[in-house]
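In: I would like to see how this sequence folds:
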Amino acid sequence: MDHKCRCAWVSARPLMQDYHDTEWGVPERDSRRLWETLMLEGFQAGLSWEIVLRKRVAFREAFAGFDPRKVAVFTAEDIERLMGNAGIIRSRAKIEATIRGARIFNAMQDAGDDFSAFCWSFTDGRPLEGSGYNTETELSRTISKTLKKRGFKFVGPTIVYAWMQAVGIVNDHAPSCFRKSEVENMSGGPRHGT
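Out: Numbers count the residues shown, from 1 in each chain. Presented below is the predicted three-dimensional model:
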């Protein structure tokens, strides 16, 4: 039996434990993965993250491995195909937002504006120490506004904060969680302020 002390939100289900223990809060620097996670957080809006995790393989298949170059050229026929795919969350607005997000991502990259550098610029490249109790912060509101100005959809401050937690921009592991210090060690220690 596993007796590790984890964050309170982690259920006893192996999928959630594995996600928490291996991915959540780990500082992500890969532009494509940062974008993929942001798009999946948008699909999660109004649902549980566990639903997205259970469907993540199907999402990756449906969205060409979340390759922004491929997703950006999806057509109306692709949208209809995705709307008929029971393996994913079938929301036309969220599907269209992901295609739009791919086009914005590509435009940024083509202009020399690396998505990873953009994401991490809000914290000067260092993860922030979280409190574990926020659903949004002043920083998530700032990032949300910036993403919206660039044209992204489904990037409200609560979605952005959940994304910040997921990709390690903020380390919100509980102080008693065994992953707290492990994640801190990956990033060179905490920087206060979210």
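
In: which helix is the longest one in the chain?
Out: Of all the elements of type helix in the chain, the one with the most residues (DSSP state H) is helix 92-110.

In: With just CA atoms, put that one into CSV.
Out: What follows is helix 92-110 as a C-alpha-only set of coordinates in CSV (Å, rounded to 0.1, in the frame of the first residue of the first chain):
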residue,chain,number,x,y,z
ARG,A,92,-17.0,23.2,-30.8
ALA,A,93,-15.9,26.4,-29.1
LYS,A,94,-13.0,24.6,-27.4
ILE,A,95,-12.0,22.8,-30.6
GLU,A,96,-12.0,26.1,-32.5
ALA,A,97,-10.1,27.8,-29.7
THR,A,98,-7.4,25.1,-30.0
ILE,A,99,-7.0,25.6,-33.8
ARG,A,100,-6.9,29.4,-33.2
GLY,A,101,-4.3,28.8,-30.4
ALA,A,102,-2.1,26.8,-32.8
ARG,A,103,-2.2,29.6,-35.3
ILE,A,104,-1.2,32.2,-32.6
PHE,A,105,1.5,29.9,-31.4
ASN,A,106,2.9,29.5,-34.9
ALA,A,107,2.7,33.3,-35.5
MET,A,108,4.6,33.9,-32.3
GLN,A,109,7.3,31.3,-33.1
ASP,A,110,7.6,32.6,-36.7
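
In: Could you give the average pLDDT over that helix?
Out: When pLDDT is averaged over helix 92-110, the result is 98.

In: List the buried residues in the very next helix or strand once past it.
Out: Using DSSP states H and E, the helix or strand that directly follows helix 92-110 along the chain is helix 115-121. Residues of helix 115-121 classed as buried: F115, S116, F118, C119, W120 (neighbour count, 16 or more other C-beta atoms under 10 Å). C-betas here are computed from N, CA, C, even on glycine.

In: who's in contact with the third one?
Out: With contacts defined as C-beta atoms under 8 Å, 6 or more residues apart in numbering, F118 is in contact with M108.

In: what about it, distance to E23?
Out: With distances defined as C-beta to C-beta, to the nearest Å, the gap from F118 to E23 amounts to 21 Å.

In: what's the answer for the second one, then?
Out: Counting by C-beta to C-beta, the gap between S116 and E23 amounts to 17 Å.

In: ditto for the last one
Out: Computed with C-beta to C-beta, the distance linking W120 and E23 is 18 Å.
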